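Trainee: quick check, what structure comes out for this input:
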Amino acid sequence: DCRERLDPQRTLLGAVQEQWLFKGLAAPGARWNVIAQQTLMAQADRTPGPGQSFWTDGWDGYPVARSRLLSYVADKRVANPVVIGGDLHMSVVADLKADFDDPKAPVVATEFVGTSISSQGPARQRVEAWAPDNPHIKHADPTRRGYTVMELSMQRCLVHLRTLDDVRDPRSRIRTFTTFAA
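Mentor: Model prediction:
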């Protein structure tokens, strides 16, 4: 952990792109506002028990910028915000909050992170050890390989986590492991 990550001038998107995103989110008429980005947006404390540590090559390296974005989503009452991400080598479903350290902070968006089709994820025991310190993360599975399918309709958003029985077998069966609704 480092103090520099708390600098309000740090931004993952850059000032111009951040303003472009805010302007798009403020535009009226969207049934769903899907923010597609490259990593995990939810805070992920990687130190079990007291203390905190973060992987800083993602939104945890820019917590003030993340809070600014999620506060904007809350303050502007952006319609049905959904965040999608990847590059974690595991599937994750999380509630997003402007302040992850406040257990009473309202949920402002839902996040779905797709797993990899072949790259291995972190050890299951490690991810399970993080769980009590990250109650906003509703699902985290580093063991199953596959992909994610999102269905958007006027009524709902369904996300199907699809997995392969054996990634080494080209004839492997693909199944829906679980489905979430937002």
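Trainee: how many neighbours does residue 44 have?
Mentor: Other residues near residue 44 come to 24 when the count uses other C-beta atoms under 10 Å. (Glycine included, C-beta is placed from N, CA and C.)
Trainee: my guess is it meets residue 130, correct?
Mentor: Yes. Judged on C-beta atoms under 8 Å, residue 44 makes contact with residue 130 at a distance of 6.7 Å.
Trainee: residue 71 and residue 84, how far apart?
Mentor: Computed with C-beta to C-beta, to the nearest Å, the distance linking residue 71 and residue 84 is 20 Å.
Trainee: so where's this protein shaky on pLDDT?
Mentor: Filtered on pLDDT under 70, the chain yields the residue ranges 1.
Trainee: can you give me the helices for it?
Mentor: Taking DSSP state H as the criterion, the chain carries its helices at 15-26, 63-75, 124-130.
Trainee: circling back to that earlier point, what residues are shared contacts of residue 44 and residue 130?
Mentor: Residues touching both residue 44 and residue 130 comprise residue 137, with contact defined as C-beta atoms under 8 Å, 6 or more residues apart in numbering.
Trainee: residue 107: what's it in contact with?
Mentor: By C-beta under 8 Å, 6+ apart, the contact list for residue 107 reads 95-97, 136.
Trainee: now do residue 109
Mentor: Taking C-beta under 8 Å, 6+ apart, we find residue 109 in contact with 35, 70, 73, 78, 81-83, 95-96.
Trainee: again, only this time at 6 Å
Mentor: The neighbours of residue 109, taking C-beta atoms under 6 Å, 6 or more residues apart in numbering as the test, are 73, 81, 83, 96.
Trainee: against residue 69, how distant is it?
Mentor: For residue 109 relative to residue 69 (C-beta to C-beta), the value is 9 Å.
Trainee: ok, residue 18 next?
Mentor: 7 Å.
Trainee: of those two, which one has the most company?
Mentor: Neighbours per residue (other C-beta under 10 Å) separate residue 18 from residue 69, with residue 69 holding more: 28 against 16.
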